[in-house]
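In: I'll drop the sequence and a predicted model, then ask my questions.
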Amino acid sequence: MPGVAPTADPAPLDGQLPASVTEGAAERPFGVYIHVPFCKVRCGYCDFNTYTADELRGVKRTDYAGQAIAEIVFAAEVLTAAALPIRPVSTVFFGGGTPTMLPASDLIAMLQAIKDTWGFVSGAEITTEANPDSVDAVYLQQLADAGFTRVSFGMQSAVPRVLATLERTHDPARIPLVVQWARDAGLGVSLDLIYGTPGETAADWRASLEHALAQHPDHLSTYSLIVEPGTKLARQVRRGELTESDEDVQADFYELADELIGAAGFDWYEVSNWSRTPELQSRHNLSYWRGHDWWGVGPGAHSHVGGVRWWNVKHPAAYAERIEAGDSPALGREVLDAGTRHVEHVLLLTRIRDGLKIADLPAAARTAVAGLIADELVEAKAAIGGAIVLTLRGRLLADGVVRRLLDD
Amino acid sequence: MSPIAKKALQPASTDPAFIRNFCIIAHIDHGKSTLADRMLSITGVVSDRNMRAQYLDRMDIERERGITIKSQAVRMPWQLGDQSYALNMIDTPGHVDFTYEVSRSLAACEGALLLVDAAQGIEAQTLANLYLALDNDLKIIPVLNKIDLPAADPDKYARELASLIGGSPDDVLRVSGKTGFGVEALLDRVTELVPAPKGDPNAPVRAMIFDSVYDSYRGVVTYVRMIDGHLAPRERIQMMSTRATHEILEIGVSSPEPTPSKGLGVGEVGYLITGVKDVRLSKVGDTVTSHQRPATEALVGYSEPLPMVFSGLYPIDGSDFPVLREALDKLKLSDAALVYEPETSVALGFGFRCGFLGLLHLEIIAERLEREFDLDLIATAPSVIYEVTTDDKQTVIVTNPSEFPGGKIHSVREPMVKAAILAPKDFVGVIMELCQSRRGTLLGMEYLGEDRVEIRYNMPLAEIVFDFFDQLKSKTAGYASLDYEPIGDQVADLVKVDILLQGEQVDAFSTIVHRDKAQAYGVLMTGRLRELIPRQQFEVPIQAAIGARVIARESIRAMRKDVLAKCYGGDISRKRKLLEKQKEGKKRMKMVGRVEVPQEAFIAALSGDVEKKAK
């Protein structure tokens, strides 16, 4: 698998958490992420933890829901053992891979297990990612009936040539259909787009944005394509078959996205995410940036509880083995110290609109704010009001802004 | 059957009539060391078994470059008829940077072999040293070497040599250091033709230091040529330039390993060890006399080594600065010509401003520092010594562009050299073009033999130290050779060009150039830096300026995007690690005002090694 696991301590087999995790836990919302590590084919750009049928080494997809439910039960035990209060779940997110490769009944069974274990807060947000060619009206209706509230479609592009480069198999004409079915089922709709695919022109990107906006989604995410080492795309770029789009083109595309999405009445709330109203923001996604607690279920899933981060073994076969043995599936973990938590706080909150408070910064870093205003990277008005809010330019240079806010 | 001396003459009691002191004048690559090795073996001082190639060139760099940096002397016995002789072969450095050391080596001899590659003919450097040898009244013995090479044309080059020094082409010896052919005849010829040394055995001691070498075990080994009197172990000696006194702990001759003797008498060549640790206390050219009965008059020809070329040397890893200091302190012990003082640069951090005899000297020192002390170094563009007079008649000596006075300049004087270039006649055009572009004034041109020309120019030294030799070599397919000598200074229309990043001066890039070339330099450097400096969060203007007047400008467009769009399924650790990596990267950046510049960019810009900055 591509991607390097962070270096950290090995995770204890019993999953036991240090006592420090209880601090402030009552105020932290709790969420669950369920990773579904299956895909029909692997797309050329993808380095996520997912497997096609050929790559599963004897693991059966039909066994997966049962294993995930077993981890949910295990999670409840670990959290209770750490003396954490039982917190009803605020958000659930099924991601992948392709969660909708599984029958709706599997997703529903996993959701039911979460509900049985912790219960839900009122108005809980329950999302699944979906591939446009792996769902139909009936499937979506089943999810909605079982309590799902949102579906996030991997649309990526409206241009067949761009989809072909990405090796996405769906027919763009299917997008209006699946969006309509989701709406009919009463689900909120988010569309994911990718920009900066090799060979994508500004006109292509505009067409994709316009096509997405024409579906009147509640929420939009746009991600610049990153050529990850070890992917087929990276090999194609290395061999000169494809040309990576440069930083200026990506910046142009982002600015076009902001312009068109903004003109359609959306507001940005995180560097890559826009919603039609504040209520339609992805609260699960925000919980990552806000440093909330969540348990990540499934192979390769990441969790965070009270300053402890851990990640599970990556391969479904290894995962199945751990679960069957009754052990924690966690491979490694980090217990964050105060300095690291501050770094993360700045790193994560800077990216969201309603995020970092200047009062959270030490005096030395606060002096950097004036320079950031002068360089038109943060909003002057918000800064005077005590908050760091990135300008359009600042969103594109967010990593540099973070470095300047962390300069010792 | 080689005529090894039946009975070698003993040092300290050799009649000067049977001593022959000679050196070899040759161009790099013309086989001097191979011939010297062959003589050692034929005279029996080094057995074939112990022979290692180029025995006399002790330093690794010398052996690799095939050149001799430090000279040495070796005593060889020889037999001619019934008489035994002592031949002292004094090895001379072969490069223009070391003219002074060459002149002292020559002053220790009565004869010189003019050694020329039979396939290449004489080179400019050899000509220069030949003039020096003739100037010292040395008996010249012309020798063509490498006659075993298929490309050798001894007839042609014998005619060339004969036309140069007079005599018949038949007088030119033909040898092969490699096979040994003709070497015995050559030693006979040396014994016959080189005059015996003269001196007064009863006069107060006078010995000339022609080399001074630092040995980490024994301290400084001083090589001397006895002129008058006699020196013995345990005697107290005095250096006539400094009046410093030392006791002789060991005295002897090299054959070629140091061999202690009972002393040294008139005309002999040998070494002294006094226990001093710094070659500055035993300077080349100085006269050694006796403390008890000192001579009243020093031998003529002594002068202090004067640095001609200056450059800043900086460790690429700033934490190596103390190592560099220690290394220079060590090299100084064996190199009296090396001078340095600490300096700091915005772009390059802490380093040393160093003075050198010339470009090769600079290269050798830099290479020794890198090799012997494991340092990675960057050298700033070499500078010469300017004399700047301001409008209020203050005169400032400038060896570093940063010392160039601000305000109104009345005049600037720069050092000039007389350059002699030897090349096949087909290259005359390109050579003249090159010299003309380097502000040269043609002095004359002369045919040497059938197809080779000597072209003489007056040129500013600054033009020579900047990449001239490389250009000359590349434009003449490597055929041209160069020699130059200082001829004083003259007024020139020179200006200091500064390079500014976002209005902040980058010291390492300031340079002193002729006004006509200022803009070209500005355009070149601003262009290089634009390619090499990564984009920042803001636009960065790069300017070249003379005082306040901007003569070239470029700009680095602001960076547009550096944000990573996605957090992979809550993998915050990966994101944080990326940030930490970026922060680490920033620590290695040099700050010029607010601009973050990777040191590699400065280094590449200085070395001209400009590639597209890697994303």
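Out: All right, it came through fine.

In: Mind checking the pLDDT average for stretch B:138-151?
Out: Throughout stretch B:138-151, pLDDT has a mean value of 95.

In: in that stretch, what's buried?
Out: Taking 16 or more other Cβ atoms under 10 Å in any protein chain shown as the basis for neighbour counts, the residues of stretch B:138-151 that come out buried are B:138, B:139, B:140, B:141, B:142, B:143, B:144, B:145, B:146, B:147, B:149. Every C-beta, even on glycine, is put in place using the N, C-alpha and C of the backbone.

In: And stretch B:537-554, by the same measure?
Out: Residues B:537, B:538, B:540, B:542, B:543, B:544, B:545, B:546, B:551, B:552, B:554 are the ones in stretch B:537-554 that count as buried (16+ other Cβ under 10 Å).

In: For residue B:137, what are phi and psi?
Out: Torsion angles at residue B:137 (phi, psi; degrees, to the nearest 10) stand at phi 60, psi 30.

In: Which of the buried residues of stretch B:138-151 fall in strands?
Out: Among the buried residues of stretch B:138-151, the subset assigned to strands under DSSP state E consists of B:139, B:140, B:141, B:142, B:143, B:144, B:145.

In: if I look at the fifth one, how far off is residue B:35?
Out: Spelled out, that is residue B:143. In this view, residue B:143 and residue B:35 are 8 Å apart by Cβ to Cβ, to the nearest Å.

In: For those two, list the residues in contact with both.
Out: When contacts are counted by Cβ atoms under 8 Å, 6 or more residues apart in numbering or on different chains, residue B:143 and residue B:35 are jointly contacted by B:115, B:175.

In: Can you name the residues that contact residue B:572?
Out: Listed by Cβ under 8 Å, 6+ apart, the contact partners of residue B:572 are A:288, A:302, A:304, A:309, A:344, A:348.

In: Kindly confirm whether my reading is correct that the third one touches residue A:294.
Out: Yes. Here residue A:304 lies in contact with residue A:294, judged by Cβ atoms under 8 Å, at a distance of 6.0 Å.

In: which residues are common contacts for these two?
Out: Here residue A:304 and residue A:294 have residue B:570 as joint contacts, going by Cβ under 8 Å, 6+ apart.

In: pLDDT score for the residue nearest the centre of chain B?
Out: Nearest to the mean C-alpha position of chain B, by Cα atoms, centre = their mean, lies residue B:361 at 3.2 Å. Reading off the per-residue confidence, residue B:361 sits at a pLDDT of 84.

In: What of residue B:168?
Out: Reading off the confidence values, residue B:168 has pLDDT 92.

In: Distance of it relative to chain A?
Out: Look at residue B:168 and chain A: by Cβ to the nearest Cβ, to the nearest Å, they are 68 Å apart.

In: ok, and the closest non-adjacent residue to the residue in the stretch 151-300 of chain A that chain B sits nearest to?
Out: Each residue of the stretch 151-300 of chain A has a distance to chain B, by Cβ to the nearest Cβ, and the smallest belongs to residue A:251, at 3.4 Å. Nearest non-adjacent residue to residue A:251, counting by Cβ to Cβ, 6 or more residues apart in numbering or on different chains: residue B:560, 3.4 Å away.

In: can you give me the helices in the stretch 451-600 of chain B?
Out: B:461-465, B:468-475, B:515-532, B:572-587, B:599-607 (DSSP state H, counting those that start in this stretch).

In: what's the most buried one of these?
Out: helix B:461-465 (a mean of 25; mean count of other Cβ atoms under 10 Å in any protein chain shown).

In: could I get it in PDB with only the CA atoms?
Out: The C-alpha coordinates for helix B:461-465 follow below in PDB (Å, rounded to 0.1, in the frame of the first residue of the first chain):
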ATOM      1  CA  LEU B 461      44.300  40.800 -12.900                       C
ATOM      2  CA  ALA B 462      40.600  40.900 -12.000                       C
ATOM      3  CA  GLU B 463      39.700  39.800 -15.600                       C
ATOM      4  CA  ILE B 464      42.100  36.800 -15.300                       C
ATOM      5  CA  VAL B 465      40.900  35.600 -11.900                       C
END
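
In: hmm, who's touching it?
Out: For helix B:461-465, the surrounding residues in contact (Cβ under 8 Å, 6+ apart) are B:308-309, B:358-359, B:382-384, B:414-417, B:419, B:438-440, B:484, B:486, B:512.
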